[in-house]
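Peer 1: sequence and computational prediction follow.
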Number of protein chains: 2
Amino acid sequence: MPEIFDRVAIIGIGLIGSSIARALKEHGVCKEVVVGDISEAHGKRAVELGLCVAAHTDVAKAVSGADIVVICTPISTYESIADAIGPALKQGAIVTDVGSVKQKAIEAVKPRLPKHARWVAGHPVAGTENSGPDAGFAALFKGRWAIVTPEADSDADATAKISAMWTAFGSNVVTMDAEHHDLVLAITSHLPHLIAYTIVGTADDLETTLKSEVIKFSAGGFRDFTRIAASDPTMWRDVFLNNKEAVLEMLQRFTEDLIHLQRAIRWDEGQKLHDLFTRTRGIRRSIIEAKQA
Amino acid sequence: MPEIFDRVAIIGIGLIGSSIARALKEHGVCKEVVVGDISEAHGKRAVELGLCVAAHTDVAKAVSGADIVVICTPISTYESIADAIGPALKQGAIVTDVGSVKQKAIEAVKPRLPKHARWVAGHPVAGTENSGPDAGFAALFKGRWAIVTPEADSDADATAKISAMWTAFGSNVVTMDAEHHDLVLAITSHLPHLIAYTIVGTADDLETTLKSEVIKFSAGGFRDFTRIAASDPTMWRDVFLNNKEAVLEMLQRFTEDLIHLQRAIRWDEGQKLHDLFTRTRGIRRSIIEAKQA
């Protein structure tokens, strides 16, 4: 793999940021990585782990001289990060991100960057329930989708270089309209997370005796939900608040469908249940055929 | 492991039944297995796979001479199975089951068996989304809970022998009141399955273009739900119809909590979301500490 960049600046060295740092190194994508993170402890840890040559709590310092800046922080920080890095960006620097919501990411960052900067938003569809610089690993993006959402006026070379970086990490890159991205992710990712958070919360509100047994017998299905519901609270709060319309739309459909099933259970309409359960089994087969399982 | 039984009759040679047949053999728990299954094809397949010495579509024939009968069929079949096997049971034969609902299992079977039969209900908390005699494997129960729900008048020796069988399979055996079992499983297993079925159905109802992308990008969280929602339709229909009260109670709590979150998203109440997401992360840690993850 020939180097794509000389210097990469990673803003936020959590699960995703530190996985990118590791993947950049493993695949020889750049000469050096500099980290910007408001947490001094995380920056120090990143240096200790050999993830970067330097770490700064001042993000402007971190992006100085970087060919590309990858924003890996919760979306509520995007505006202030864009304001802070804007004046420090090298001429023609590429700026991208990894957020799970794309329209609000574009709205937050794009108008705050200088004209010479080349902004193209992105989203690697990958993650775990763990957080922090120690949680990352280079193979996180391997075989996973990386969605790049260029706009009509985006720089083609910047889009190509960002795509090349994800390809180097082993991801399958697709480009997509930001609005469409937000709708697809609302049902495939945001709603599942919201539901998982809800049911785990519902269980946590049960009387103490029952609650301890929920933990004990979680292998019956509940366990899969607890893994999802252990994901980073700040990142996910920001996802729901910043993809509000699509999430509320999908949530409304889901709630209608759930109440429809609730009624079927109450009125012993076994055939309705059986028909749905047979249909959903088919979807799983489609996913296995699409090699995503 | 000394043999616990001479002959075991397994009624229903699907995922659970065929896993029991394999585990019985692997751990030397009995001399021989006979299968009863209304599907002649499944019975033949069980013989081919070496899971049993004989298979019968007539369950009365299958239980003849058996020391223990293990019912491994959907709960809607229990009444007719109990009626059919009752007169054919050997004196003092043990009868148990593996169903996910226990109060209705007891109601369906107990009054239909002859006085000499020794009935004790059970439930191994284990499974996969696959079905049929080929789907089973001996290790399915290893390290998982097996819940036995004896009643006040249950035979202590029968309870001990059923427990010994699950212990031989590597399960951790607990005894529990049937009513309490149904409540615990409603939240740890039945509700998660219902929710997974619902969201996969909601996704399947989307317009065709969006639907194909749901499959493509399912790795974002949705995939875990599709696995759960691929579980056996008949078995799960029966679970919901036979644990109606506990499922409806848990469903009501879940829906309230979901609508509470929906409102928080609509009104930008980020702190509410963050508080819940932080709390649910703690539950996951409890489960990891309880070594169930």
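Peer 2: Nice, I can see it.
Peer 1: domain ranges for chain A?
Peer 2: Split into domains by automatic domain parsing, chain A comes to A:5-176, A:180-289.
Peer 1: give me the number of residues near the closest residue to residue A:189 other than its chain neighbours?
Peer 2: By the measure of CB to CB, 6 or more residues apart in numbering or on different chains, the closest residue to residue A:189 outside its immediate chain neighbours is residue B:220, 3.1 Å from it. For glycine as for every other residue, the C-beta is placed from the backbone atoms N, C-alpha and C. Here the number of neighbours of residue B:220 (other CB atoms under 10 Å in any protein chain shown) works out to 23.
Peer 1: can you pull out the helices in the stretch 1-150 of chain A?
Peer 2: A:15-26, A:40-48, A:59-63, A:78-85, A:103-109 (DSSP state H, counting those that start in this stretch).
Peer 1: okay, those helices, which one's buried deepest?
Peer 2: helix A:15-26 (a mean of 25; mean count of other CB atoms under 10 Å in any protein chain shown).
Peer 1: measure the most centrally placed residue in chain A to residue B:133 for me?
Peer 2: Nearest to the mean C-alpha position of chain A, counting by CA atoms, centre = their mean, stands residue A:100 at 4.3 Å. According to CB to CB, to the nearest Å, residue A:100 and residue B:133 sit 42 Å apart.
Peer 1: what does the stretch 1-150 of chain A put close to chain B?
Peer 2: A:76, A:100, A:125-126, A:129, A:144-145, A:147 (CB under 8 Å from any CB of the partner chain).
Peer 1: which among the residues you listed count as buried?
Peer 2: A:76, A:100, A:125-126, A:144-145, A:147 (16 or more other CB atoms under 10 Å in any protein chain shown).
Peer 1: longest single helix anywhere in chain A?
Peer 2: The helix that spans the most residues within chain A, counting by DSSP state H, is helix A:244-266.
Peer 1: report all helices and strands that it contacts.
Peer 2: helix A:178-185, helix A:191-204, helix A:270-289, helix B:191-204, helix B:244-266 (3 or more CB pairs under 8 Å, 6 or more residues apart in numbering or on different chains; DSSP states H and E).
Peer 1: can we see that at 10 Å?
Peer 2: Packing partners of helix A:244-266 (3 or more CB pairs under 10 Å, 6 or more residues apart in numbering or on different chains; DSSP states H and E): helix A:103-109, helix A:178-185, helix A:191-204, helix A:233-242, helix A:270-289, helix B:191-204, helix B:233-242, helix B:244-266.
Peer 1: could I get the buried ones among the residues of the stretch 1-150 of chain A next to chain B as CSV with pLDDT and distance to residue A:157?
Peer 2: CSV is the format used below for those (pLDDT from 0 to 100; distance: CB to CB, whole Å):
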residue, pLDDT, distance to residue A:157
A:76, 96, 30
A:100, 96, 26
A:125, 94, 24
A:126, 93, 25
A:144, 94, 24
A:145, 95, 22
A:147, 97, 19
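Peer 1: of the residues you listed, which is the nearest to chain B?
Peer 2: Of all those, residue A:125 has the smallest distance to chain B: 5.1 Å, by CB to the nearest CB.
Peer 1: show me the shaky parts of chain A.
Peer 2: Within chain A, the segments meeting pLDDT under 70 span A:1, A:291-293.
Peer 1: distance of residue A:93 from residue A:119?
Peer 2: From residue A:93 to residue A:119 the distance is 10 Å (CB to CB).
Peer 1: what touches both of the two?
Peer 2: Residues touching both residue A:93 and residue A:119 (CB atoms under 10 Å, 6 or more residues apart in numbering or on different chains) are A:69, A:113, A:158.
Peer 1: contacts only, for residue A:236.
Peer 2: Counting by CB under 10 Å, 6+ apart, residue A:236 has contacts A:74, A:100, A:190, A:193-194, A:197, A:228-229, B:273-274, B:276-277.
Peer 1: for the residue lying closest to residue A:44 once chain neighbours are set aside, give the beta-bridge partners.
Peer 2: Distances taken as CB to CB, 6+ apart place residue A:55 nearest to residue A:44, at 6.8 Å, with adjacent residues excluded. Going by DSSP bridges, residue A:55 is paired in beta bridges with residue A:35.
Peer 1: right, and residue A:55 touches residue A:13 too?
Peer 2: Yes: at 7.2 Å, residue A:55 counts as touching residue A:13 under the criterion of CB atoms under 10 Å.
Peer 1: identify the contacts common to these two.
Peer 2: By CB under 10 Å, 6+ apart, the residues touching both residue A:55 and residue A:13 are A:33, A:35-37, A:39, A:42-43, A:45-47, A:133.
Peer 1: burial count for the closest residue to chain B within the stretch 51-200 of chain A?
Peer 2: Relative to chain B, the nearest point of the stretch 51-200 of chain A is residue A:189 (3.1 Å; CB to the nearest CB). If you count neighbours by other CB under 10 Å, residue A:189 ends up with 24.
Peer 1: for the one 10 residues further on, same thing?
Peer 2: Residue A:199 is flanked by 25 other residues according to other CB under 10 Å.
Peer 1: which stretch of helix or strand covers residue A:163?
Peer 2: Residue A:163 is part of helix A:156-168 when elements are defined by DSSP states H and E.
Peer 1: next structured bit after that helix?
Peer 2: Sequence order places strand A:172-175 as the next helix or strand after helix A:156-168, per DSSP H and E.
Peer 1: what helices or strands is that following strand leaning on?
Peer 2: strand A:121-124, strand A:145-149, helix A:156-168, helix B:208-216.
Peer 1: which other helices and strands contact the longest one?
Peer 2: Spelled out, that is helix A:156-168. Checked by 3+ CB pairs under 10 Å, 6+ apart, helix A:156-168 has strand A:5-11, helix A:15-26, strand A:68-71, strand A:94-97, strand A:118-119, strand A:121-124, strand A:145-149, strand A:172-175 packed alongside it.
Peer 1: show me how far it is from its chain's centre.
Peer 2: Counting by CA atoms, centre = their mean, to the nearest Å, helix A:156-168 is centred 18 Å from the centre of its parent chain.
Peer 1: about what we covered before: give me the neighbour count for the residue nearest to residue A:44.
Peer 2: For residue A:55, the tally of surrounding residues (other CB under 10 Å) stands at 25.
Peer 1: got it, and residue A:174?
Peer 2: Neighbours of residue A:174 (other CB under 10 Å): 17.
Peer 1: for the spatially closest residue to it that is not a sequence neighbour, give the beta-bridge partners.
Peer 2: Spatial nearest neighbour of residue A:174, excluding adjacent residues (CB to CB, 6+ apart): residue A:147 at 5.6 Å. Residues in a beta bridge with residue A:147, per DSSP bridges, are residue A:123, residue A:174.
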